[in-house]
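Engineer: Structure here, sequence nowhere to be found:
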């Protein structure tokens, strides 16, 4: 969280959302919105006609789709922030400058680069000197939790599951130790004016991902400006564009230079 904007990296667990029971979908939606008279009756197990049950089923399908939709997620989050900020400032009207921007992270290299870029934002902006003193960042929460309770992970953050061989691991495909070393090394490189010389030894995670020091520092400094839309190695980028029916391959030059 920065002074006038924020970054968030998230994973949509569609398989889990598709397995939710109808009542679970309704309960989750009711935490955000008031729902309908029919959905409230459904949760109370009241007797309902076939037409009413069909109407509830249609509503559940709509809400399930919205609960795993990026635009609806951002709408709910930004609206809550805007209402609170306007209330605190005693004003009304538009709070956010414009719509959000999103990037799809297609492989481990893109994921690691984006995570580090987000976690190091306060250091790049000269708000903090080290990751552990960077307020309102996930890296600070992970470090604090690791210090206080060995081996644990903040409940609301995806855990690091190590170098998983699974195609879709239920967590981040790195070890926490490797990632912390990577962020610390990168933070020193970004703030070399205040932390001394850049360490010459590359963290093991960069060797495994086959990213050079030069490539990594470029991405960790300029990830948001260099990449638009889809981010990943060229082969994965082209395959994704073909699957989505794109006529052109966006961000091809940057991905060729930094991720291939």
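Structural biologist: Perfect, thanks for sending it. Since the model is a prediction, treat every value here as computed from it, not as a measurement. Residues are numbered from 1 along each chain as shown.
Engineer: Now that residue 227 has come up, it's in contact with residue 256, right?
Structural biologist: No - between residue 227 and residue 256 there is no contact under Cβ atoms under 8 Å: 11.9 Å. To be clear about C-beta, it is placed using only N, CA and C from the backbone, and glycine gets the same treatment.
Engineer: the more surrounded of the two?
Structural biologist: Legend: neighbour count by other Cβ atoms under 10 Å for residue 227 and residue 256, higher for residue 227 (24 against 13).
Engineer: how about the helices in the stretch 151-260 of the chain?
Structural biologist: Using DSSP state H, counting those that start in this stretch, the helices of the stretch 151-260 of the chain run over 176-190, 192-195, 204-209, 213-226, 234-244, 252-258.
Engineer: Figure out which of these is closest to residue 18.
Structural biologist: helix 234-244 (19.6 Å; Cβ to Cβ).
Engineer: Now tell me what touches the closest one from outside.
Structural biologist: Identification of contacts with helix 234-244 by Cβ atoms under 8 Å, 6 or more residues apart in numbering yields 104, 106-107, 230-232, 248-252, 255-256, 259-260.
Engineer: Now that helix: buried residues?
Structural biologist: Residues 236-238, 240-241 are the ones in helix 234-244 that count as buried (16 or more other Cβ atoms under 10 Å).
Engineer: Could you do stretch 32-48 as well?
Structural biologist: Quick answer for stretch 32-48 (16+ other Cβ under 10 Å): 35, 39, 42.
Engineer: Lowest mean pLDDT among the helices and strands of this protein, which one is it?
Structural biologist: For the chain, counting by mean pLDDT, DSSP states H and E, helix 192-195 ranks last in confidence among helices and strands (a mean of 56).
Engineer: where are the low-confidence patches of the protein?
Structural biologist: 150-151, 163-169, 191-200 (pLDDT under 70).
Engineer: Looking at it, which helix is longest?
Structural biologist: Longest helix of the chain, by residue count under DSSP state H: helix 70-89.
Engineer: Which elements pack onto the helix or strand just after that helix?
Structural biologist: Next along the chain after helix 70-89, taking DSSP states H and E as the criterion, comes strand 103-105. Using 3 or more Cβ pairs under 8 Å, 6 or more residues apart in numbering; DSSP states H and E, the elements in contact with strand 103-105 are helix 108-119, strand 229-231.
Engineer: Could you rerun that using 6 Å?
Structural biologist: Applying 3 or more Cβ pairs under 6 Å, 6 or more residues apart in numbering; DSSP states H and E, we find strand 103-105 packed against strand 229-231.
Engineer: Tell me which strands the strand it packs on pairs with, and in which orientation.
Structural biologist: strand 103-105 (parallel) (DSSP bridges).
Engineer: From the chain's centroid, how far away is the strand it pairs with?
Structural biologist: 9 Å (Cα atoms, centre = their mean, to the nearest Å).
Engineer: Tell me the buried residues in that strand?
Structural biologist: By neighbour count on 16+ other Cβ under 10 Å, the buried set for strand 103-105 is 103, 105.
Engineer: what does it rub up against?
Structural biologist: 111, 114, 227, 230-231 (Cβ atoms under 6 Å, 6 or more residues apart in numbering).
Engineer: which one of those has the most neighbours?
Structural biologist: Neighbour counts for these peak at residue 231, which has 27 neighbours (criterion: other Cβ under 10 Å).
Engineer: For that one, give the beta-bridge partners.
Structural biologist: residue 105.
Engineer: how much space is there between it and residue 51?
Structural biologist: In this view, residue 231 and residue 51 are 47 Å apart by Cβ to Cβ, to the nearest Å.
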